[in-house]
Every structure is written in structure tokens, then in C-alpha cells.
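# Build me a structure from this.
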Amino acid sequence: MTYLPFKLIRMEEVNLIIKEKAKELVRGALSEHELSENINNFVRDSILYCLDEWDVKPIEVLKKGRGMCAGKALLAAELHGAVGISTRFKVMNEQIERIRSVGITGLKQGLCLE
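Just a heads-up that it's a prediction; the model follows:
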């Protein structure tokens, strides 16, 4: 298994667009759990999973409406942070290594799964 180099990824100021989206997503939520669930459901259901670079910024994932697992996780973390919920996660490049090890070819950046 190959691990990506560790980087602390946290912006001091969350992008205004992300703040506005977070406010929209949590409107009407009555608990922190509900806030988090609304954000996670949005990222899961509204952001299409596509092969992409590992270092795509959360704002780009939101603007494009698509991203890889790392990009979607970063977006979810930023949306949570925008409403005061702290998060953390670890990114591993295991899936790409598995794809390479079994010889699946033809996967291209931008390939999306619906």
C-alpha cells in the first residue's frame, strides 16, 4: 500500500462560496448531527464521483460538481468547518494502487461514475 505524503490541509478562512453553501445546507437543522447529515448527504448525492487529481481544492470540487474521494472528503470537511463542526480524516492512495495491481487500463482523469 502506498501512502500519500502527510500534509495538514486546513484553510484559515473558508471560502465565502463554501460558507454560503454550508448555510444553505444546514438551514432548518435542529442538532449538530442533523447539520452534519445534511452536509454529508449533499456531498454524497450532489457531487458526482470522478477520477481527478488528488490535490483539487474543495472550492473547485464544489464549482465543478464532481470530484474524487479525496476532493469530496475535503469539501465535506470545509463545509463542516464553515458551520463550526471540526473534522479530520486520512487520505490513502490504496484504490489507485489496487487498480494498477490488477491491470485495469483505460481509466482516464474525468471518468465519472453515476
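# OK, contacts around residue 89?
Shown in contact with residue 89 (CB atoms under 8 Å, 6 or more residues apart in numbering): 73, 77. For the C-beta atoms, the positions are set from N, CA and C on the backbone; glycine is no exception.
# Do me a favour and get the backbone dihedrals for residue 52.
Taking degrees, to the nearest 10, you get phi -160, psi -180 for the backbone angles of residue 52.
# Setting aside sequence neighbours, what's the nearest residue to residue 77?
Leaving aside its chain neighbours, residue 77 sits nearest to residue 87 (4.4 Å; criterion: CB to CB, 6 or more residues apart in numbering).
# My reading is that that neighbour lies in a helix. Confirm?
No - read with DSSP: H, G, I helix; E, B strand; the rest coil, residue 87 is coil and lies in no helix.
# Go through stretch 42-53 and flag the buried ones.
42-43, 47, 49-52 (16 or more other CB atoms under 10 Å).
# Do you have the strands of this structure handy? List them.
With DSSP state E, the ranges of strands along the chain come out as 48-50, 66-67, 112-113.
# Can you name every helix or strand that the first one contacts?
To tie it back to what came earlier, the one meant is strand 48-50. strand 66-67, strand 112-113 (3 or more CB pairs under 8 Å, 6 or more residues apart in numbering; DSSP states H and E).
# Take the strands of the chain and write them to a markdown table, including mean pLDDT and distance to residue 26.
Shown next, in a markdown table, are the strands of the chain (pLDDT from 0 to 100; distance: least, CB to CB, whole Å):
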| stretch | mean pLDDT | distance to residue 26 |
| --- | --- | --- |
| strand 48-50 | 92 | 22 |
| strand 66-67 | 94 | 21 |
| strand 112-113 | 65 | 27 |
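# If you count neighbours, what's buried in stretch 19-37?
In stretch 19-37, counting by 16+ other CB under 10 Å, buried: 19, 21-22, 25-26, 35-36.
# typed the wrong thing, it's stretch 76-90
Per 16+ other CB under 10 Å, stretch 76-90 contains these buried residues: 76-83, 85.
# which residues of this structure score low on pLDDT?
The chain contains residues with pLDDT under 70 at 1-14, 90-114.
# measure the closest residue to residue 26 other than its chain neighbours to residue 63 for me?
Once flanking residues are discounted, residue 26 sits nearest to residue 35: 4.5 Å by CB to CB, 6+ apart. Here the criterion is CB to CB, to the nearest Å. By it, residue 35 lies 22 Å from residue 63.
# Okay then, goodbye and thanks.
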